[in-house]
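Asker: Predicted structure and sequence below. I'll ask about it afterward.
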Amino acid sequence: MKRSDLIFVCCVVLFFLPFFVFPAVYSAYTTFNGEHGMIMSFFKFAVLATLGEVIGLRIKTGKYNTPGFGILPRAIVWGVLGLTIKLAFVIFSSGTVSFLTYMGMENAGEAIKGGFTVDKLFVAFCISIFMNSIYAPVMMTLHKITDTHILSTGGTIKGLFTPIDFRGIITNLNWDVQWNFVFKKTIPFFWYPAHTITFLLPEDFQVLFAAALGIALGTILALASMKK
């Protein structure tokens, strides 16, 4: 382990330690998260998903930051994407329950709110499938577009807010990697089961698990850029 790795690990531990050591800190966090879920989603993904990308960069280059990588612009983009992720959680959770009820599963709402049962597992699995099949590909493609834009503008805040060349980026996007790795492998083999677990957990634990998935999401999408 390099000295930079030790410093990085220590910084991460020190950042999260208060939430585990001091009950008041964790209580304040859960209270604020419950009352201001969208705001917390912005900051949660801005920090944790960006952390995942930094880890991915370390795996790829041996460094936690490089010229033009743009940690702050990436954090801003992830914050905005975090708002859409929270929106997707709300929409697909309630929408899936309504759809299953419409299809004849009248206890879908009670099942997802109760203790673990086969019915709850089924509902959670359905939420995960619908959300990751419909929303995830769009979000992942948008992330790839903004990621390319950040790199092409030097990783600066000013560059982030310049017009994005959607046509040029989409035309030259590596769709082989995007389809065969990001979509075909990570969605069914990782995100389907991961978010099934998310919707099985009590609401307070969903927050913590979603935070961990934010790190995984950033890491996976960063590692996808390594594939040729």
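Answerer: Looks like it came in fine.

Asker: Okay, domains of the protein per the record?
Answerer: 1-35, 37-224 (automatic domain parsing).

Asker: just these: most buried one?
Answerer: Comparing these by mean neighbour count (mean count of other Cβ atoms under 10 Å), domain 37-224 comes out on top with a mean of 17. Using the backbone N, CA and C atoms, a C-beta is placed for each residue, glycine as well.

Asker: now it, how far from the centre of its chain.
Answerer: Distance of domain 37-224 from the chain centroid (Cα atoms, centre = their mean, to the nearest Å) equals 3 Å.

Asker: related to what we said a few turns ago, mind putting the domains of the chain into a markdown table with mean pLDDT?
Answerer: Below are the domains of the chain laid out as a markdown table (pLDDT from 0 to 100):
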| stretch | mean pLDDT |
| --- | --- |
| domain 1-35 | 87 |
| domain 37-224 | 90 |
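
Asker: give me every residue that touches Ile145.
Answerer: Ile145 makes contacts with Ile164, Phe166, Ile169, Ile170, Leu173, as judged by Cβ atoms under 8 Å, 6 or more residues apart in numbering.

Asker: So which of those residues are in helices?
Answerer: Among the contacts of Ile145, DSSP state H puts Phe166, Ile169, Ile170 in helices.

Asker: Could you check how far the first one is from Ile157?
Answerer: Put plainly, it is Phe166. 20 Å (Cβ to Cβ, to the nearest Å).

Asker: Leu100 now?
Answerer: Leu100 is 44 Å from Ile157, by Cβ to Cβ.

Asker: list the contacts for Gly68?
Answerer: With Cβ under 8 Å, 6+ apart, Gly68 has these contacts: Leu151, Gly154, Gly155.

Asker: of all those residues, which comes closest to His195?
Answerer: Nearest to His195, judged by Cβ to Cβ, of the contacts of Gly68 is Leu151 at 28.6 Å.

Asker: so where does the closest one fall, helix or strand?
Answerer: helix 136-152 (DSSP states H and E).

Asker: Output that helix in PDB with nothing but the alpha carbons.
Answerer: Provided in PDB are the C-alpha atoms of helix 136-152 (Å, rounded to 0.1, in the frame of the first residue of the first chain):
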ATOM      1  CA  ALA A 136     -30.900   3.100 -15.200                       C
ATOM      2  CA  PRO A 137     -29.800   3.000 -18.900                       C
ATOM      3  CA  VAL A 138     -30.900   6.600 -19.400                       C
ATOM      4  CA  MET A 139     -29.100   7.800 -16.200                       C
ATOM      5  CA  MET A 140     -25.900   5.800 -17.000                       C
ATOM      6  CA  THR A 141     -25.800   7.200 -20.600                       C
ATOM      7  CA  LEU A 142     -26.300  10.700 -19.300                       C
ATOM      8  CA  HIS A 143     -23.500  10.200 -16.900                       C
ATOM      9  CA  LYS A 144     -21.200   9.000 -19.600                       C
ATOM     10  CA  ILE A 145     -22.100  12.100 -21.700                       C
ATOM     11  CA  THR A 146     -21.300  14.500 -18.800                       C
ATOM     12  CA  ASP A 147     -18.200  12.500 -17.900                       C
ATOM     13  CA  THR A 148     -16.900  12.900 -21.500                       C
ATOM     14  CA  HIS A 149     -17.800  16.600 -21.400                       C
ATOM     15  CA  ILE A 150     -15.900  17.200 -18.200                       C
ATOM     16  CA  LEU A 151     -12.800  15.500 -19.600                       C
ATOM     17  CA  SER A 152     -13.000  17.400 -22.900                       C
END
